[in-house]
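>>> Need the 3D shape of this:
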Amino acid sequence: GHFLMDGVPPYARMSFGGVLAMSSENSVSWITTGTHFPDPTILLALQGEAEMMAEKPPSDGHRVTILDPVATHVGVGYAITGGRFQMTEEFLTRRFERITLGDAAGTLSVSGRPRTGYQLRFVTIAREDSPRPLSREETSARTSYAYPRPSLAYVSEAVHSMRVVGVMTEEHIQVFPGGEFAFSFRPDRPGLYTFQFYTAKSGAILPRPGAAATVRFE
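Just a heads-up that it's a prediction; the model follows:
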C-alpha cells in the first residue's frame with residue numbers, strides 16, 4: 001500500500017527523502033500462492049500498468065494520476081520476492097529551481113526561486129498529528145491518501161489585497177527581484193506541517209501547486 005508501518009504518509013516520506021515536490025503515488029501488487037511467478041517480471045509490470053489505464057470513471061484514480069498534465073517528473077520501480085510482486089509509480093510536480101529549508105531555534109526558514117517563466121503566488125500550510133506506528137493490517141487497509149486540508153496561507157507582503165479563499169491569509173512572504181522569495185514559520189505545537197507552493201505562469205490568473213514540503217516538528 002501507500003503507507004509503511006512507521007505511519008508516515010507518502011508525501012511526507014518524499015519530503016523526508018529530500019524531494020520537495022507535489023507528489024502522487026500509484027501502487028500495484030501481484031500475489032501468487034506458488035513459490036514464484038511463471039510470468040516474466042517485466043510482463044507483470046506491464047499488466048499492472050494496463051489495468052490502471054483501463055480504469056473507468058469514477059473509479060479511475062490510478063489512470064488520472066498517470067495522465068496528470070501538470071506532472072513534471074515520474075519514476076517507476078518494481079521488485080519481486082518469491083510469490084509477491086510490488087510496483088510503485090511516483091509522479092511529481094516541481095516548478096522551482098530551488099527550495100531551501102532551514103531550522104533555527106524552532107523557527108523554519110524557507111527560501112527559493114521558481115523556474116523561469118513562473119511566479120510564486122502563495123503558500124498554504126496544513127497541520128496534522130505526528131504519525132504513529134501502524135500494524136501490518138492497518139497499512140494494508142489504507143488504500144488511498146490525500147494531502148491534509150490547509151488552515152493558513154502566506155502571500156507576498158507587497159500584495160495587500162490578496163486573500164486565499166477558505167483559509168486565514170497572512171502577508172509573510174518576501175519577494176525579491178528575479179522571483180527569489182523567503183519567509184519564516186514558527187509552529188505553535190508539534191506535528192506534521194505541509195507547505196504547498198502555488199505558482200502561475202507570468203500573466204496567468206489561475207495558480208496551481210508547483211511544489212510541496214512536509215516538515216515534522218517535535
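
>>> In which helix or strand does residue 11 reside?
Using DSSP states H and E, residue 11 sits within helix 10-16.

>>> Now do the buried residues in that helix.
10, 11, 12, 13, 14, 15 (16 or more other C-beta atoms under 10 Å). For glycine as for every other residue, the C-beta is placed from the backbone atoms N, C-alpha and C.

>>> next one: stretch 33-48
Applying a neighbour-count criterion of 16+ other C-beta under 10 Å, one finds 37, 44, 45, 48 buried in stretch 33-48.

>>> Stretch 71-86 too?
Buried-residue list, stretch 71-86, by 16+ other C-beta under 10 Å: 71, 78, 80, 85, 86.

>>> Contacts made by that stretch with the rest, please.
21, 24, 27-37, 41, 44-45, 87-95 (C-beta atoms under 8 Å, 6 or more residues apart in numbering).

>>> Filter the residues you listed down to the ones in helices?
41, 44, 45 (DSSP state H).

>>> residues touching the second one, list them.
Counting by C-beta under 8 Å, 6+ apart, residue 44 touches 30, 37, 78, 80, 85, 87.

>>> pLDDT score assigned to it?
Residue 44 is assigned 95 on the pLDDT scale.

>>> For the chain, which segments count as helices?
According to DSSP H, the helices that the chain contains are 10-16, 41-53, 61-66, 136-141.

>>> Mean pLDDT lowest where, among those helices?
Mean pLDDT per stretch puts helix 136-141 lowest among the helices of the chain, at a mean of 91.

>>> what about that helix, distance to the chain center?
21 Å (C-alpha atoms, centre = their mean, to the nearest Å).

>>> Now that helix: buried residues?
residue 139.

>>> which residues are in contact with it?
1, 3, 4, 5.

>>> before we move on, the earlier item: which strands or helices does the helix holding residue 11 pack on?
Secondary-structure packing of helix 10-16 (3 or more C-beta pairs under 8 Å, 6 or more residues apart in numbering; DSSP states H and E): strand 22-31, strand 191-201, strand 208-217.

>>> Serialize those strands to TSV and add fields for distance to residue 148 and mean neighbour count.
Output for the helices and strands packed on helix 10-16, formatted as TSV (distance: least, C-beta to C-beta, whole Å; neighbours: other C-beta atoms under 10 Å):
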stretch	distance to residue 148	mean neighbour count
strand 22-31	13	18
strand 191-201	6	21
strand 208-217	9	20
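
>>> Any chance of a markdown table for those strands, columns distance to residue 168?
A markdown table is the format used below for the helices and strands packed on helix 10-16 (distance: least, C-beta to C-beta, whole Å):
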| stretch | distance to residue 168 |
| --- | --- |
| strand 22-31 | 22 |
| strand 191-201 | 15 |
| strand 208-217 | 19 |
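
>>> Switch those strands over to JSON lines; also include mean pLDDT.
Formatted as JSON lines, the helices and strands packed on helix 10-16 follow (pLDDT from 0 to 100):
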{"stretch": "strand 22-31", "mean pLDDT": "94"}
{"stretch": "strand 191-201", "mean pLDDT": "97"}
{"stretch": "strand 208-217", "mean pLDDT": "96"}
